[in-house]
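Asker: Sharing a model that was predicted from the sequence below.
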Amino acid sequence: MLVLGIETSCDDTATAVVRDGKNVLASVATNQDAFHAKYGGIVPEIAGRQHVALLSAAVEDALGRAGSTFAELDGIAVTRGPGLIGSLVVGVAAAKALAFALHKPLYAVNHLHGHIFAPFLDRPEAPPYPLLTLLVSGGHSQLVAVESATRMRILGRTHDDAAGEAYDKTARLLGLSYPGGPELDRLARNGNPAAYPFPRHRPAGDSLDLSFSGLKTSVRYFLESPEGSGARREDVAASFQAAVVDVLMARLQAAFSRASYAGVVLSGGVAANSALQAAVRAWSSSNGVTSFIPPPKYSTDNAAMIAAAAYYQRDAIRVDPLALSADPNLAFQL
């Protein structure tokens, strides 16, 4: 099954051609960081306009790299939501037009489900179910029990800032350039993670929910204090990162202790973070658990994961091209 994937949920214009949900023949992504950097964050209007300018060429580029034609495709997959409405409508409109004109099946993919299937790419065999997925990105942070391709339950989610959002905001406090998350990760490698005892959110009872707003605020107050004014940025970054990783790992361990899983998946943009990857791998190794972590090119937003999700969920997410609309608040469950 050869699928063309289209992903425009935020600020990356991405296309891909994937066979059987795992063999990536081509993956193309144009990032818009240069357009948003001077604003310190993503400007939705700019993101949408850039998708309009870039998407047609990105589709042609992916097909060319894959050595495929429109006629050879078995389906079109597109991110329906969640995301920025002005970005989503560009990808959805293009996918609808292609599916209608080519008489190809159209698959409407949940962006978050796409991240869950990212570790299935470029792998000879799919990870076995059930899986415990830690999905951490700029817009979402949640623990998901993945029982099958179409049966998933959210076990815990953030009450406020997502982990990636907390990274970007803290990076801004430290004067780092946009996008701040990767910059903070690089800075932290030269710092002392035990230098400053920033708070770790502990939920009441047996909740697996997350919160990072208080951590970000604590860093801000520290930097504004007499002690913080002379602190090494590397130590602040490392201490902040240690707090984030501690919180995420505590929830992961708690969730794993409550049910039996065949493996652990780390996905989403923050899955590319070096400290979090190291922590997941170390815990998995010491506990005899198999971990599945996609490479950075499949951790951040990409269209290959959208094509993979379409392959595994195809019967549940096939839609009529004329009836599909973008949904910026799309619910997680199918």
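Answerer: Yep, it's here. Numbering: from 1, shown residues only.

Asker: Of all the residues in the helix ranked longest in the chain, which ones are buried?
Answerer: In the chain, assigned by DSSP state H, the helix with the most residues is helix 233-258. Buried residues in helix 233-258, counted by 16 or more other C-beta atoms under 10 Å: 233-245, 247-252, 254-256. To be clear about C-beta, it is placed using only N, CA and C from the backbone, and glycine gets the same treatment.

Asker: Which neighbouring elements make contact with that helix?
Answerer: strand 131-136, strand 141-146, strand 152-157, helix 163-173, helix 180-188, helix 213-224, helix 274-287 (3 or more C-beta pairs under 8 Å, 6 or more residues apart in numbering; DSSP states H and E).

Asker: if we go to 6 Å?
Answerer: Identification of packing neighbours for helix 233-258 by 3 or more C-beta pairs under 6 Å, 6 or more residues apart in numbering; DSSP states H and E yields strand 131-136, helix 180-188, helix 274-287.

Asker: going on from it, what's the next piece of helix or strand?
Answerer: strand 263-267 (DSSP states H and E).

Asker: Pull the residues that contact the helix or strand bottoming out on mean pLDDT in the chain.
Answerer: None of the helices or strands of the chain scores lower by mean pLDDT, DSSP states H and E than helix 33-36, at a mean of 77. Helix 33-36 is contacted by residues I42, V43, I46 when judged by C-beta atoms under 6 Å, 6 or more residues apart in numbering.

Asker: Helices of the stretch 1-150 of the chain, residue ranges please.
Answerer: For the stretch 1-150 of the chain, the helices defined by DSSP state H, counting those that start in this stretch cover 33-36, 44-66, 85-102, 111-117.

Asker: returning to that earlier point: counting neighbours, which of the contacts of helix 33-36 end up buried?
Answerer: I42, V43.

Asker: Could you export the contacts of helix 33-36 to JSON lines, including columns for pLDDT and distance to F332?
Answerer: Listed next are the contacts of helix 33-36 as JSON lines, based on pLDDT from 0 to 100; distance: C-beta to C-beta, whole Å:
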{"residue": "I42", "pLDDT": "82", "distance to F332": "22"}
{"residue": "V43", "pLDDT": "86", "distance to F332": "27"}
{"residue": "I46", "pLDDT": "89", "distance to F332": "28"}
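
Asker: Using a markdown table, please lay out the contacts of helix 33-36 together with distance to L266.
Answerer: What follows is those, written out as a markdown table (distance: C-beta to C-beta, whole Å):
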| residue | distance to L266 |
| --- | --- |
| I42 | 24 |
| V43 | 29 |
| I46 | 30 |
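
Asker: ok, so of the contacts of helix 33-36, who is nearest S87?
Answerer: Proximity of the contacts of helix 33-36 to S87 (C-beta to C-beta) peaks at I42, which lies at 9.1 Å.

Asker: Show the pLDDT at the residue nearest in space to the middle of the chain.
Answerer: Against the mean C-alpha coordinate of the chain, by C-alpha atoms, centre = their mean, the closest residue is G268 at 2.5 Å. Turning to G268, the model gives it a pLDDT of 93.

Asker: where are the low-confidence patches of the stretch 1-150 of the chain?
Answerer: Across the stretch 1-150 of the chain, no stretch falls below the confidence threshold (pLDDT under 70).

Asker: Try it again at 80.
Answerer: Applying pLDDT under 80 to the stretch 1-150 of the chain flags the ranges 31-34, 36-41.

Asker: Point me to the residue sitting farthest from the middle of this protein.
Answerer: Farthest-from-centroid check, the chain (C-alpha atoms, centre = their mean): P226, 37.0 Å.
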